[in-house]
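Enquirer: next comes the sequence, and after it the predicted model I'd like to discuss.
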Amino acid sequence: MNSKKMDLGSKDIISNLPDALLGHVLSFLPTTEAASTSVLAKRWRYLLAFVPTLDLDNMIYDRPKMGRRKRLEMRKSFKLFVDRVLALQGNAPLKFFSLRCKIGSDPSRVNGWVLKVLERGVVELDLYIASEYEYPLPPKVLMSKTLVTLKLAGTTEFTIDVGDVSLPKLQTLHFNNVSFGDEGGPPFAKLISACHALKELVMVKMMWDYWEFCSVSSPSLKRVTIDCVNNDENPKSVSFDTPNLVYLQFTDTVAAKYPKVNFDSLVEASIGLQMTSHQVFRGRDLVNRHHGYKRCKGANVADFLMGICNVKILYLSSEALEVLTFCCKKEEIPVFNKLFHLTIETDQDVDWESLPELLKNCPNLETLVFEGLHYGDINQCFDKDYRFKETNECFSDQGDTCQCKPWYGTPVWLSSSPVKILKVLKFGEITNYKDDMERQTDLIKHFLESMPNLEQVILYYDTPFDEDLKIVSTELQMLEKVASTKCKIQVISDNISYSSTVYSSSSTSGLNFFKDTFPV
């Protein structure tokens, strides 16, 4: 080793790094913090000019406690700061520009910033504009030759008028709580069709007030997330022509029809379709008055289900489960031959009328997950005179709740179920039913006694009490009959540092109980 040792203590090694490298380091900071480094030394004074990303946010200064005068002063300071930063950087190429701001009636200054970064060839543009007045997106944004990512958010006063569109490199497009102008036909369809390289589309809190016919058509899309604002009306028509889509997350009011649903490559879907409030009330009321399950008018989900029937991983919200009941005939539920993982969200007001038919049509399902074990008692055991029948497990004539299981008898899907893994999230979550815990435990017992291929049952029990786990585990231990003698049952709580495990046995003693301790 050289006897001469470098004296590192007297040198500022970081300041000696190249400008481009220091600019890259500063790009990981919010721009206001990166700018504050200019006071460190002369070497740092103009380094902000080499930062390829700008993250600007004046919303953090817009707090009611500051008072109106202080907020106005902060907004003015912020505008001057942005002007100086952009002037300092000149026409240097820009990779990322994020702007979060609240503006008044004059958007000219904000538009000037946006147009400036477009001229610099910005690759990723992220705008959040909050305004009490209408703020139209500058048309040149939709004519960018360099944009790869475009994210637009704010309030419904943030409008997008789709005129000429040319976004040849755009791969990611996000909308959050913005609105479209309706000049020249459906603006959204026009915008999407012009993005030939688009791979990801996200639409959150979108308004469909005037869109009677909605369409998403793109051969390049891989991921789509659509969360529409429920305006309590059913769209007349919704179409998807996305043959290469891999992931779909779709929340909307169920449409009257789905004339085209092309999901040839779909692997995973999260469906949150829901009926209007009027349709929900009418459907439940008819059942409660023993007029039976009747199709709701103005909604039909059958064609949409057929379009997603090749999915492998599926999540259904409780609202979507109810849509299957009232907006689709049992014989219209398709066979999901490729589905191996299904998650069902449950709700105390939603019954399971459609669930047996759905599960019967999942011949290769391996994992079934319930988010809670709640179900509505709208299928109660009343006779025509609204008196309790002496059938099933009703309370007495003193009660007002039926303890019946969410189906009659033992459905075919249980006794012939291919499911190997059963998971229950939010097990023990209490609703307004005083016997809710007993209902959930009884359901688990019924699963264990009826499903012949179960290999693992996992209950995620959110409880702070050690005794709760012991009680549930003991009840499972006391089962005299299980459909599968190879089934392993775990009761797990994040709040307690152990899980309770029950192994089924073919012996007459039933189930053997073991407790495994592990750190959380």
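Expert: Sure thing, it's come through.
Enquirer: the chain: helices as residue ranges?
Expert: With DSSP state H as the criterion, the chain has helices at 19-26, 31-36, 68-89, 108-119, 187-193, 277-288, 302-307, 318-326, 355-360, 412-415, 436-450, 466-477.
Enquirer: could you dump these into CSV with mean pLDDT, distance to L459 and mean neighbour count added?
Expert: Bear in mind the C-beta positions are built from the backbone N, C-alpha and C, glycine included. Putting the helices of the chain into CSV (pLDDT from 0 to 100; distance: least, Cβ to Cβ, whole Å; neighbours: other Cβ atoms under 10 Å) gives the following:
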stretch, mean pLDDT, distance to L459, mean neighbour count
helix 19-26, 56, 48, 15
helix 31-36, 55, 46, 17
helix 68-89, 78, 51, 14
helix 108-119, 94, 52, 16
helix 187-193, 85, 43, 18
helix 277-288, 75, 29, 16
helix 302-307, 94, 30, 20
helix 318-326, 91, 19, 24
helix 355-360, 91, 19, 21
helix 412-415, 80, 18, 16
helix 436-450, 86, 7, 18
helix 466-477, 81, 7, 17
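Enquirer: okay, those in a markdown table with distance to K102 next?
Expert: Formatted as a markdown table, these follow (distance: least, Cβ to Cβ, whole Å):
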| stretch | distance to K102 |
| --- | --- |
| helix 19-26 | 26 |
| helix 31-36 | 16 |
| helix 68-89 | 8 |
| helix 108-119 | 10 |
| helix 187-193 | 25 |
| helix 277-288 | 33 |
| helix 302-307 | 39 |
| helix 318-326 | 34 |
| helix 355-360 | 47 |
| helix 412-415 | 53 |
| helix 436-450 | 45 |
| helix 466-477 | 48 |
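Enquirer: out of those helices, which is closest to V202?
Expert: Across the helices of the chain, V202 has its closest neighbour in helix 187-193 (12.3 Å, Cβ to Cβ).
Enquirer: CA atoms only: put stretch 138-157 into CSV for me.
Expert: Extracted C-alpha coordinates of stretch 138-157, given in CSV (Å, rounded to 0.1, in the frame of the first residue of the first chain):
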residue,chain,number,x,y,z
PRO,A,138,-53.7,23.5,-22.3
PRO,A,139,-54.4,21.8,-25.7
LYS,A,140,-50.7,21.4,-26.4
VAL,A,141,-50.4,18.8,-23.6
LEU,A,142,-52.3,16.4,-25.9
MET,A,143,-49.9,17.1,-28.7
SER,A,144,-46.7,16.2,-27.0
LYS,A,145,-44.2,14.1,-28.9
THR,A,146,-42.1,13.3,-25.8
LEU,A,147,-44.6,12.4,-23.0
VAL,A,148,-44.4,8.9,-21.7
THR,A,149,-46.5,9.4,-18.5
LEU,A,150,-49.3,11.9,-18.1
LYS,A,151,-51.2,12.2,-14.8
LEU,A,152,-54.0,14.8,-14.4
ALA,A,153,-55.9,15.3,-11.1
GLY,A,154,-57.7,18.0,-9.2
THR,A,155,-61.4,19.0,-9.1
THR,A,156,-64.2,18.6,-11.6
GLU,A,157,-63.4,22.2,-12.6
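Enquirer: Q274 - how many residues pack around it?
Expert: Using other Cβ atoms under 10 Å, Q274 has 22 neighbouring residues.
Enquirer: and if you look at I430?
Expert: By other Cβ under 10 Å, 11 other residues sit near I430.
Enquirer: how about it, what does it touch?
Expert: Residues near I430 by Cβ atoms under 8 Å, 6 or more residues apart in numbering: 436-437.
Enquirer: residue ranges in the stretch 301-450 of the chain under the pLDDT threshold?
Expert: Applying pLDDT under 70 to the stretch 301-450 of the chain flags residues 377-405, 407-410, 432-435.
Enquirer: cool, and the stretch 101-250 of the chain?
Expert: 105, 182-186, 207-212, 230-231.
Enquirer: how about a cut-off of 50?
Expert: For the stretch 101-250 of the chain, the stretches with pLDDT under 50 are 183-185, 210.
Enquirer: do I have it right that C195 meets V216?
Expert: No. Using Cβ atoms under 8 Å as the test, C195 is too far from V216 to be in contact (11.5 Å).
Enquirer: got a list of what G376 touches?
Expert: 284, 347-351.
Enquirer: for it, which non-adjacent residue is closest in space?
Expert: Nearest residue to G376, sequence neighbours excluded (Cβ to Cβ, 6 or more residues apart in numbering): D351, at 4.3 Å.
Enquirer: quick one: neighbours of that neighbour, just the number.
Expert: By other Cβ under 10 Å, 22 other residues sit near D351.
Enquirer: so how far is L248 from it?
Expert: D351 sits 26 Å away from L248, going by Cβ to Cβ, to the nearest Å.
Enquirer: again, but for S277
Expert: S277 is 25 Å from L248, by Cβ to Cβ.
Enquirer: and for K297?
Expert: Distance from K297 to L248, by Cβ to Cβ: 27 Å.
Enquirer: likewise L355?
Expert: Distance from L355 to L248, by Cβ to Cβ: 21 Å.
Enquirer: same check, this time on Q274
Expert: Distance of Q274 to L248, computed by Cβ to Cβ: 16 Å.
Enquirer: export the contacts of G376 to TSV and tack on distance to V123?
Expert: Formatted as TSV, these follow (distance: Cβ to Cβ, whole Å):
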residue	distance to V123
R284	51
D347	43
Q348	48
D349	47
V350	45
D351	50
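Enquirer: out of those, flag the one nearest to N91.
Expert: For the contacts of G376, the nearest to N91 is D347 (56.1 Å; Cβ to Cβ).
Enquirer: mind listing what the closest residue to the closest one other than its chain neighbours touches?
Expert: Nearest residue to D347 in three dimensions, chain neighbours excluded: S318, at 3.7 Å (Cβ to Cβ, 6+ apart). By Cβ under 8 Å, 6+ apart, S318 lies in contact with 344-347, 350.
Enquirer: among these, which lie within strands?
Expert: Counted as lying in strands by DSSP state E, out of these, are 344-345.
Enquirer: and the contacts of S318, which is closest to E124?
Expert: For those, the closest approach to E124 (Cβ to Cβ) belongs to E345, at 34.0 Å.
Enquirer: that closest one bridge partners, please.
Expert: Bridge pairing for E345 (DSSP bridges) gives the partners E371.
Enquirer: F427 too?
Expert: Y461.
Enquirer: can you report how many residues lie near it?
Expert: Counted by other Cβ under 10 Å, the residues lying close to F427 total 24.
Enquirer: my guess is it meets D462, correct?
Expert: Yes. Under the criterion of Cβ under 8 Å, F427 makes contact with D462 at 7.5 Å.
Enquirer: which ones are touching the closest residue to N310 other than its chain neighbours?
Expert: Residue nearest to N310 in three dimensions, not counting chain neighbours: K338, with 5.3 Å by Cβ to Cβ, 6+ apart. Residues near K338 by Cβ under 8 Å, 6+ apart: 310-312, 364.
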